[in-house]
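Visitor: What shape does this take:
(one chain, ligands or ions: 1)
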Amino acid sequence: MTTALFDSVSSIDWSNWKAKDIATLMFIIKDGKILLIRKKRGLGAGKINGPGGKLDPGETPEQCAVREVQEELLVTPENISYHGISLFQFTDGYSIHVYIFSATDFKGTPTETDEAIPLWFELDRIPYQEMWEDDGIWLPLVLKGQRFHGKYIFDGDSMVDHELVNLGPLKK
Ligand SMILES: Nc1nc2c([nH]c(=O)n2[C@H]2C[C@H](O)[C@@H](COP(=O)(O)OP(=O)(O)OP(=O)(O)O)O2)c(=O)[nH]1
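Guide: Here you go, the predicted structure:
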């Protein structure tokens with residue numbers, strides 16, 4: 001029996017890599033502030049993150065991203081942009097492929113739910129120390145309106161390796 005070793009981005013054959021889960025993240029950025037959540041359950045519970053979650057069958061990534069914000073914060077994001085993907089391989093074998101979006105507007109009032117507490121942050125006060133370790137690498141690109149493609153190896157909560165490609169400004 002062979003055991004897969006996930007110790008670096010370059011040790012993985014990404015062309016044949018398929019994630020166990022597909023998920024989304026949505027960052028609403030308005031009036032110089034970003035809407036984040038304190039996540040109450042699921043992967044990354046306790047951390048601060050953007051709203052998001054796993055794709056339901058038949059959904060596009062953008063539909064999923066909108067639905068997850070509606071479910072977690074009772075608001076609907078508007079004027080949405082697609083930034084790219086982050087591929088996460090965990091050393092225990094779990095993997096997740098995440099599509100990342102931002103929005104410049106929303107309808108409704110951010111409201112606490114069973115899944116999340118809404119939190120607004122000034123753009124220069126994002127609490128990276130309470131977020132996933134990789135977020136400090138790519139969230140600045142979301143704020144700058146850039147597209148990107150990232151690959152990350154995680155051992156539990158610790159990032160072991162990463163590779164991030166900046167693909168330039170958003171396509172309008
Ligand atoms: N910012 C950030 N988000 C991440 C990282 N890794 C990772 O899976 N996520 C996000 C992607 C998803 O939005 C979320 C994981 O999905 P989830 O467990 O919330 O899924 P869900 O809401 O559908 O929950 P459930 O059905 O399992 O209860 O975490 C990361 O390194 N950084």
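
Visitor: mind listing what Ile153 touches?
Guide: Residues in contact with Ile153 (Cβ atoms under 8 Å, 6 or more residues apart in numbering) are 6-9, 12, 89-91, 159-162. All C-beta spots, glycine's among them, are computed from the backbone N, C-alpha and C.

Visitor: May I ask which helix or strand encompasses it?
Guide: According to DSSP states H and E, Ile153 maps onto strand 146-155.

Visitor: any idea of the mean pLDDT in that strand?
Guide: The pLDDT scores in strand 146-155 average 98.

Visitor: anything in the lengthiest strand in the chain sitting right up against the ligand?
Guide: When the chain is parsed with DSSP state E, its longest strand is strand 76-90. Yes - contact of strand 76-90 with the ligand (Cβ under 6 Å from any ligand atom) involves Phe88.

Visitor: on that earlier part again, can you list the strands that the strand holding Ile153 pairs with?
Guide: strand 76-90 (parallel), strand 158-169 (antiparallel) (DSSP bridges).

Visitor: Not counting residues beside it along the chain, what's closest to the residue positioned nearest the centre of the chain?
Guide: Centroid-nearest residue in the chain: Leu25, 3.9 Å away (criterion: Cα atoms, centre = their mean). Distances taken as Cβ to Cβ, 6 or more residues apart in numbering place Gly52 nearest to Leu25, at 3.8 Å, with adjacent residues excluded.

Visitor: Measure how buried the one you found is and give me the count.
Guide: Residues lying near Gly52 (other Cβ atoms under 10 Å) number 24.

Visitor: how far away is it from the ligand?
Guide: 3 Å (Cβ to the nearest ligand atom, to the nearest Å).

Visitor: residues contacting that residue?
Guide: Gly52 touches 23-26, 65, 68-69, 98, counting by Cβ under 8 Å, 6+ apart.

Visitor: circling back to that earlier point, just how off-centre is the longest strand of the chain within its chain?
Guide: 6 Å (Cα atoms, centre = their mean, to the nearest Å).

Visitor: Next SSE downstream of that strand?
Guide: Next element after strand 76-90 (DSSP H and E): strand 95-107.
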